[in-house]
Each structure stands twice: as structure tokens, then as C-alpha cells.
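# Sequence and computational prediction follow.
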Amino acid sequence: MASTFDTETDRRAFIRANTRALQPPLVPEVWLHLAEESVPLWQKTEEELGEMNVPPPFWAFAWAGGQALARYVLDNAELAAGKRIVDLGAGSGLCAIAASLAGASDVLAADVDPFSSHAVSLNSELNDVQIRATSEDLLLASPPQIDLLLIGDLFYEKELSNSVLKWSAEVTAKGAMVLVGDPKRSFFPVERFEPVAEYSVPVTRALEDSEIKRSLVWRMRPH
């Protein structure tokens, strides 16, 4: 079965048709195209693409770590104002949007899922902000010169976690700050970070193991 996503317009139309404009509970200042159920959307994506083993539609949900990080950025706008920022593993672009609303001079939302860049574009339009988006794997090259790296809920697989940690260390070595929103996922390297804030994030049991997920914002320690 051939993919029905032959153009960028097709992907944008799919996102619009299978999501609703909603406000993440912890970050009501932001509107996102979000799915209300995870499994049906995942199955529908596989059907439309005509292939199995499609990555989960992370872009369609406001995860606990991302909400915590976005909240922290908005409440501490001086960290982002006038800064060059990368949102790594951007998903919906929630943290990138928060950074832009906080006054960042340049924001790049990076996620290897090709749906993510389109979700970021649509969500940027919803919030009237300008964000660049890419589906290139930034982890395969040296980090660009930036001021702040934002990472929301990206330490959920061992190999990915190791790659993100190494890349983040390079970012720190170049003088930038690295902030992570993470509820202590299985492969989060706690020893390399220090907590700077903690939030109780409303979530759904379809995504998490409870309706309130304790999530922290962490700053990377100098190596």
C-alpha cells in the first residue's frame, strides 16, 4: 500500500483532521494541535503511511516533561529573551513556542519525525510566533552555536539517551545552558543534572501511569 502523504499539504491536512486545538493544562498560554487518544491516531498513521512500525505520534501530545519545561521558560523569560535556542526532540513544538513567547531571537525546533515539523508549523501559526523547524537529526553533527538548549522528555530509550547526553555535553562545553524537562524517565542521567524546579503536571492515564505526573526541570552540570 502506497503512502497517502505525497505532499506537505497532505501531512498538514492529516494533523488538522486528527487533532483539536487545545491548551496544555500547565501551560494554558499556548495552543497546540493535540490528539485526544493515542492508540487510534497511531494506528491511523500506520494505515495512511502503508507501513508498520511507525514511530509513536509523540508530536500529538503535551508530555509531562515538556509541559514542565515550557512552564519554567515562560516563568523565567530572561533565560530565553534575545537568545538563540534549539528545542531538541521538539514534538509539538511546545517548548519552542514557549521560548518564542518569552522573547527568544531565534528558535529551531528539531525532531526526526517528519510529522513534527508540520505540527510545529501549524502550532506556531496558532500562537502567532515564528519558529524554524527541521526533521534533520542534529545529533549526527556538532551542535550549532546557541545560547540555550531545551530538551523535553527525551530520555526514554537507552541509545537515544546516550546520544542526547553526549550532544548536550558538547553544547555545554560551548558555553550554552542546557535545560531538561523530565519526570525521571528510565534512562535519565540524574547525576549529570541539578534540579531547578518541580511541577505537578496534569496528564492522562492513556499516556502516563497516573493523572498527575511529578516532573522536574533540570540544568546540566558542567562536565
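Done, it's in.
# Report the secondary structure element holding A133.
Taking DSSP states H and E as the definition, one finds A133 inside strand 132-134.
# Could I get the full set of helices for the chain?
In the chain, the helices defined using DSSP state H lie at 8-18, 38-49, 64-75, 94-101, 114-127, 158-173.
# re earlier: so what strands line up beside the strand holding A133?
strand 106-110 (parallel) (DSSP bridges).
# now what about the strand it pairs with, what contacts it?
Around strand 106-110, the neighbours that count as contacts under Cβ atoms under 8 Å, 6 or more residues apart in numbering are 84-90, 93, 96, 99-100, 116-117, 120, 129-136, 138, 144. In short, each C-beta sits where N, CA and C put it, glycine included.
# show me what contacts the residue positioned nearest the centre of the chain?
Nearest to the mean C-alpha position of the chain, by Cα atoms, centre = their mean, lies A90 at 2.9 Å. A90 sits next to 96, 109-111, 116, 120, 133, 152 when contact means Cβ under 8 Å, 6+ apart.
# quick one, phi/psi of it?
phi -70, psi -30 (degrees, to the nearest 10).
# how many neighbours does the nearest residue to it once chain neighbours are set aside have?
Closest residue to A90 apart from its sequence neighbours, by Cβ to Cβ, 6 or more residues apart in numbering: A109 at 3.6 Å. The number of residues packed near A109 is 32, by other Cβ atoms under 10 Å.
# now swap in the one 3 residues further on and tell me
By the measure other Cβ under 10 Å, the count of residues near V112 is 15.
# what's the farthest-apart pair in the contacts of A90?
Greatest spatial distance among these (Cβ to Cβ): A133 and G152, at 15.1 Å.
# Between those two, which has more neighbouring residues?
G152 (29 against 21).
# Any figure for the gap between the more buried one and L88?
Distance of G152 to L88, computed by Cβ to Cβ, to the nearest Å: 9 Å.
# same thing with W167?
W167 is 8 Å from L88, by Cβ to Cβ.
# now do V171
9 Å.
# hang on, the earlier thing: show me whatever sits in contact with both of W167 and L88.
Common contact partners of W167 and L88 (Cβ under 8 Å, 6+ apart): L138.
# Looking at these two, which one has more neighbours?
The residue with more neighbours, out of W167 and L88, is L88; 24 against 20, by other Cβ under 10 Å.
# Nearest residue to that one in space, please, no chain neighbours.
L88 sits nearest to I151 (Cβ to Cβ, 6+ apart), 5.0 Å away.
# So T19 is in contact with A13, correct?
No. Taking contacts as Cβ atoms under 8 Å, T19 lies outside contact range of A13: 11.3 Å.
# can I assume Y72 is in contact with E198?
No. Taking contacts as Cβ under 8 Å, Y72 lies outside contact range of E198: 9.8 Å.
# Now for the protein, the helix or strand with the poorest mean pLDDT.
Of all the helices and strands that make up the chain, helix 38-49 has the lowest average by mean pLDDT, DSSP states H and E, namely a mean of 52.
# Distance-wise, check I212 relative to W63.
Distance, I212 to W63, by Cβ to Cβ: 14 Å.
# Mind checking which of those two has more residues around it?
The neighbour count for I212 versus W63, taken as other Cβ under 10 Å, is higher for W63 (28 against 13).
# Quick check, pLDDT for the more buried one.
Turning to W63, the model gives it a pLDDT of 93.
# what does the one 5 residues further on give?
Among the per-residue scores, A68 holds a pLDDT of 98.
# Please apply the same query to N18.
What the model reports for N18 is a pLDDT of 89.
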